[in-house]
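>>> model this:
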Amino acid sequence: MSFWKEEVELMERSQLESLQLDRLRRTLVQAQKAPHYRRVFQEKRLTPDSIRSLADLADWPFTTKEDLRSGPPEDFLAVPQDQVVRLHVSSGTTGTPTAIYHTQSDLKGWADLVARCLCMVGVTPADVFQNMVGYGLFTGGLGLHYGAELLGATVIPAGTGNSRRQINLMKQFKTTVIHIIPSYALTLIEKMAEARVDPHRDLHLRIAVVGAEPHSEGARRRIEEAYGLLAANCYGLSEMNGPGVAFECPYQTGLHLWEDHYILEIVDPKTLEPLPPGQVGEVVLTTLCREAMPLIRYRTRDLAMIMPEPCPCGRTHRRLSRIQGRTDDMLILKGVNIFPMQIERVLMDLPEAGSNYLIFLDKDGPLDVMTIQVEMGPPLLDQGPDEIPRAAARIAQHLRDEILISPRVQLVEPGTLPASEGKAVRVLDRRGTGLD
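Take a look at the predicted model:
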C-alpha cells in the first residue's frame, strides 16, 4: 500500500477533527474578506470566533450555485486581484458557468491532493500517464496533469478526441495510466476493435482514472474487463478545485474524501437536515485550505452517502459512495422520480445492451413517454433478427423493475448513436418542443 503523506492519511480521527476545526476558523476569517460572505455574516450576525466545535458549522448558511451566479464573479474573491494566478470555470452543463479563482498556494495544494490520490491507487514515477480529457477552462485536464507531474510520472497531455491518435500514443510510448471520461472509455473500446488493437495484448495499461461524470459499477466493470486494468473512480467539482476531492484506493470500497482539506456533510436535499452514514443525500462541502475563493457549506447537488465501515487500507478519512446522481438530474414521469443513473445501472448489467444509450422524453397526447435507444451488445449481434424484439422486451422488464414505469426500448446497431468524446449527453427531453 502506497502513501503520499502517511501521517495525514492515517491520522487519528480526534487529531484530524482538531485540525479541521483549526482550519475552519481560519477559513471563516478568510471568507469574510469576500464581499458575499462579509454581507452574509453581518446579516446573520455570525463571526468566526463563534465556532467552538465542528458541530457549530450547522448553524451557518449554505452556499449554492445560484449564489455564485447571482452577482459578479469577484463577489466571492477573498484576495486582491493581483494575487490570482489562474481562473477556471465550471462546465456549465446545468446553467451559466461559474468562475473559480486560484492563488499560487491554491494550485500547489490542489496538485498535492491529486498526487496523493494517484499515489494511493498505485501510480508511481515509473508510469507513463496519458491525460485524455480537456485542457483549458475545464479543471480535469490541468488538475490531473500537475498532480501526475508532481508525483513524478511521465505525462502525455493528449487532450480529448482523435481516437486513432490516442491509441497510437498508447502503443508508441507504452502508456501505463490513462485519465479518461468513462463514456469515452467505453467508446474507445469500439475504436480499438475497429483498429484491430487488443488492449490486453498490444498495450501496457494497468490503471485508468475515470471521472467527470457519474457512472455505474457496471460501466466500471466493462472498462476494467475490456482494457485489463484497474479503473479508479475520481470525484471532484470545479467549485472545490476540480478532481482530487475524493478518490478510490485499490480496494474500491468508496472514495476517500480528504478531510484535512474539506468538511463533509450529507443532508436531505429537501429538508436540509443532516443524514447519518449509510443514507443517501446531497453532498455539502466546506473548503479548509483555499485562499482565493473559500466556500462555506457548498451544496454540490451530488447525491451520495458516507460509507460507515472502515476501509481495509487503513486510511481514516471518511469515504463517499459512488455518486448516485444529481438533484437536478431527476426526471419525473407519471409521478415517479427517476435518475438516469438507475437506467445505466440496469443496462450495464445486461450483456444484450451495448455501452452507448440515449434516453428520449416525449409527449403522447397528455402522457409523458420515455424511449430508450440502446446499441446492441456483442451477444445479441451473433443471433438472428427474431431475437431482437425479445431482447428489447427483456430489457424493458428489467428497467420497469428498477424505475417502476415501462419505457419503450429500441435496440439499434452499434455506432448508430452519437459517441461523445466529452461528457456524455444521455437525456433528450423533447416534451413541449415539437421535436419528437
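>>> Only C-alpha atoms from now on, for both contacts and neighbour counts.
Fine.
>>> ok, E375 to M120 distance?
Distance check for E375 against M120: by C-alpha to C-alpha, to the nearest Å, it reads 36 Å.
>>> How about residues contacting the top strand by length along the chain?
If you go by DSSP state E, the chain has its longest strand at strand 353-364. With C-alpha atoms under 8 Å, 6 or more residues apart in numbering as the contact definition, strand 353-364 has outside contacts at 183, 186-187, 219, 347-348, 368-378, 414, 417, 419, 425-432, 436.
>>> Just the buried residues of these.
Buried residues within those, defined by neighbour count using 16 or more other C-alpha atoms under 10 Å: 183, 186-187, 219, 347-348, 369-377, 414, 419, 426, 429, 431.
>>> Inside strands: which ones of those residues?
Reading strands off those with DSSP E, I get 369-376, 429.
>>> okay if I get those residues as TSV plus pLDDT and distance to L151?
Converted to TSV, those look like this (pLDDT from 0 to 100; distance: C-alpha to C-alpha, whole Å):
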residue	pLDDT	distance to L151
V369	87	50
M370	90	46
T371	93	46
I372	93	43
Q373	92	42
V374	92	40
E375	91	39
M376	91	41
D429	84	43
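>>> Out of those residues, the closest to R52 would be?
D429 (47.9 Å; C-alpha to C-alpha).
>>> Please name the nearest non-neighbouring residue to the closest one.
Closest residue to D429 apart from its sequence neighbours, by C-alpha to C-alpha, 6 or more residues apart in numbering: L361 at 4.7 Å.
>>> Look up how far K334 lies from that neighbour.
12 Å.
>>> With P269 instead?
Using C-alpha to C-alpha, which is the criterion applied here, P269 is 22 Å from K334.
>>> What of K108?
49 Å.
>>> Tell me which of the two has more neighbours.
K108 (14 against 10; other C-alpha atoms under 10 Å).
>>> Tell me the confidence at that one?
pLDDT recorded at K108 is 97.
>>> For the stretch 301-436 of the chain, which segments are assigned as helices?
Listed in chain order, the helices of the stretch 301-436 of the chain (DSSP state H, counting those that start in this stretch) span 340-348, 378-381, 387-403.
>>> For burial, what's the neighbour tally of R206?
Neighbours of R206 using other C-alpha under 10 Å come to 19.
>>> Please save the CA atoms from stretch 271-289 in CSV.
Output of stretch 271-289 as CSV, limited to C-alpha atoms (Å, rounded to 0.1, in the frame of the first residue of the first chain):
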residue,chain,number,x,y,z
THR,A,271,-35.4,19.5,4.4
LEU,A,272,-31.6,20.2,4.5
GLU,A,273,-31.5,18.2,7.7
PRO,A,274,-28.3,16.1,8.3
LEU,A,275,-28.3,12.5,7.4
PRO,A,276,-26.4,9.7,9.1
PRO,A,277,-23.8,7.5,7.4
GLY,A,278,-25.4,4.9,5.1
GLN,A,279,-28.2,7.2,4.0
VAL,A,280,-28.1,8.8,0.5
GLY,A,281,-28.4,12.6,0.5
GLU,A,282,-26.8,15.7,-1.0
VAL,A,283,-23.1,16.2,-0.6
VAL,A,284,-22.2,19.5,1.1
LEU,A,285,-18.6,20.6,1.3
THR,A,286,-16.6,23.4,3.0
THR,A,287,-13.1,24.2,1.9
LEU,A,288,-10.4,24.4,4.5
CYS,A,289,-7.3,25.4,2.6
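>>> Thanks again, I'm all set now.
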